[in-house]
Each structure stands twice: as structure tokens, then as C-alpha cells.
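[1] 3D, please:
(chains A and B)
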There are 2 protein chains.
Amino acid sequence: MIVRDFKHIVENERERVTSDARWTSVRMLLADDKMGFSFHVTFLEAGSEHTFEYKNHFESVYCMQGTGSITDLATGETHYIRPGVMYALDKHDRHILRAEDELVMACCFNPPVTGTEVHREDGSYAAPEEIEA
Amino acid sequence: MIVRDFKHIVENERERVTSDARWTSVRMLLADDKMGFSFHVTFLEAGSEHTFEYKNHFESVYCMQGTGSITDLATGETHYIRPGVMYALDKHDRHILRAEDELVMACCFNPPVTGTEVHREDGSYAAPEEIEA
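    Numbering: from 1, shown residues only, chains lettered A, B, ... in the order given. Just a heads-up that it's a prediction; the model follows:
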């Protein structure tokens, strides 16, 4: 059994915390935990806007706190986000995520993120085999 | 892209809500969403105690609200649960989960739950192939 505490990670395990200009992600579970998915608690700064496209991953995102919106760039459709709303990128959907207030999201990735990925220019993470190569 | 709202599910999609005597689980993502995992928001009643052993699944559980504890029945170790604490059953660990106050948990299962499983006497869910058979 693995037991981890968000607070302990933030204070003592900074290698599990990844930040970009306007978001921070606390990696509660990563690929080496061998669960077959990774689990992150991600904070998106109030007023920020992000374009992501996880070409190599499925991701689900559950809003725990905050408000914002997501636009599906394939359809142009925009969905409002508030606590209790979840989106799942089952088609590796390219999208824009906007935080009105700070968003706090529970994110699951399949395949699991290793923790060493960086967002590439196209908003994606490399596939596991590209990282290993 | 799949977008689902917890509130809408609770009010209008009762087939996505599963209850046992002292817990309720709102299935935000299930196997037929083809994400490779399922995602549930689960409520455990204040004062309740549960013995589970997911012999056929990996499960991670992130506490969003409430307090309680988990005892690993293999080691006898007990961990306190409060918001921000996550446990992951990477060894299909048999465990007792106790809610002091009502616990609200974000749960991921791999393989994904289909939504038709029931807890068996041993606290497990059937494996996907047992359900299909």
C-alpha cells in the first residue's frame, strides 16, 4: 500500500512538484508506482489560459475547486467548469483550458506520466517509448 | 471529449450512482468510456467501517473531504486520512477503511469498473473477464 500526503509532498518532496509559468502539478502517483495510471493535483492560476493536446495520453480532469472553461478546438464548443465538473480527453482532444478563479483539479493520466515530461510546443507530452528512446 | 457534471449525474443519471448500506459512489467515468481507468466520487458515511480487497483491480483514493483511517490488514499499520491524503492499493491490499466524519474520495480503478460489479463477500469486485463470462 502506498500512502502519500499532499502537504508532505509540497513541503518535503519537491521532485514531485512540477510547475510551468501559470500552473503547478503535484504528482501523487507516477509511472513507477505501477498502478497503470498517474494521479496529479493540479493548480491553474486565476486568469490563466492553456492550450494542451495530449496526443499520447488519455486524461480525465475533475474540478475540485474554482471556475473556468474548456474549449474543444475540434468542435469549437465551450463548457463551463465548476466544482463537480469533469472532462475526459478520450480523443486526445486539443483544447484550451481557462481559469477564472484558481482551478484545483484531480487529474488521471493513462499511460501514467513518469514525471520527467515537459509540455512540448504543441501542448503534448512525449509518449513513454519516446522518453525511453 | 466527454464532459460530465456530478450534480447532473446525481439528479438525472441515477444508473451512474451505486450505493451500499453506508457508502455511495458516483461514477464519473466507467469502462465503456474507454479511458483505461474509471473515476468515481465516493462518499463513506460518518462512523462507518468497510473491509475491501480489490483482488482484480488497482485503486487509488484521494481524500477531498472528511477524516478517517485506513488499516493495512497485511501489516496491521493504520494511516490517518484527512483532505490531501491518498492511498493506492498497489498490492491489491486487503484493508479496513473507517470514516470518522463523512469521507468524500476521488477514486481511480484500473482496470476500469464497468458499473455492474457488486462487492463480493471477500470485499472484492469480479475481474472484467469474470463479468463477461
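[2] list of residues touching the helix or strand harbouring A:R4?
    Per DSSP states H and E: A:R4 is located in strand A:2-5. For strand A:2-5, contacts defined as C-beta atoms under 8 Å, 6 or more residues apart in numbering or on different chains pick out A:28-29, A:33, B:70, B:79, B:84-88, B:90. Heads up, the C-betas are built off the backbone N, CA and C, glycines and all.
[3] relative to chain B, how far out is A:V26?
    9 Å (C-beta to the nearest C-beta, to the nearest Å).
[4] rewinding a little: B:L97: which of the contacts of strand A:2-5 is nearest?
    Closest approach between the contacts of strand A:2-5 and B:L97, by C-beta to C-beta: B:I70, at 5.3 Å.
[5] and chain A, which residues reach chain B?
    Residues of chain A lying near chain B by C-beta under 8 Å from any C-beta of the partner chain: A:1-7, A:28-29, A:33-37, A:39, A:41, A:58, A:60, A:62, A:64, A:70, A:72, A:75, A:79, A:84-91, A:93, A:95, A:106, A:108, A:110.
[6] only the buried residues of stretch A:95-115, if you could.
    For stretch A:95-115, the neighbour count (16 or more other C-beta atoms under 10 Å in any protein chain shown) marks A:95, A:97-99, A:102-115 as buried.
[7] A:E15: how many residues sit nearby?
    9 (other C-beta atoms under 10 Å in any protein chain shown).
[8] re earlier: in its sheet, what does the strand holding A:R4 sit against?
    Strands that pair with strand A:2-5, judged by DSSP bridges, come out as strand B:85-88 (antiparallel).
[9] identify the farthest-apart pair in the contacts of strand A:2-5.
    B:G84 and B:D90 (19.3 Å).
[10] low-confidence ranges, chain A, go.
    Scanning chain A for pLDDT under 70 picks out A:131-133.
[11] which stretch of helix or strand covers the spatially most central residue of it?
    The centroid of chain A falls nearest to A:C107 when counting by C-alpha atoms, centre = their mean (5.2 Å). Using DSSP H and E, A:C107 falls within strand A:103-110.
[12] what residues does that strand touch?
    With C-beta under 8 Å, 6+ apart as the test, strand A:103-110 has contacts from A:25, A:36-44, A:54, A:57-68, A:81, A:97, B:35-37, B:39, B:62, B:64, B:106, B:108, B:110.
[13] same thing but 7 Å
    Here strand A:103-110 makes contact (C-beta atoms under 7 Å, 6 or more residues apart in numbering or on different chains) with A:36-44, A:57-66, A:68, A:81, B:35-37, B:39, B:62, B:106, B:108.
[14] so what touches stretch A:112-121?
    A:20, A:27, A:30-31, A:35-38, A:125-126, A:128, A:131.
[15] whoops, I mixed them up, stretch A:48-58
    A:22-23, A:44, A:89-90, A:92, A:94-99, A:109-111, A:122-127, B:35-36.
[16] can you give me the strands for chain A?
    For chain A, the strands defined by DSSP state E cover A:2-5, A:17-20, A:23-29, A:38-44, A:49-52, A:58-65, A:68-72, A:78-81, A:85-88, A:95-99, A:103-110.
[17] perfect, that will be all.
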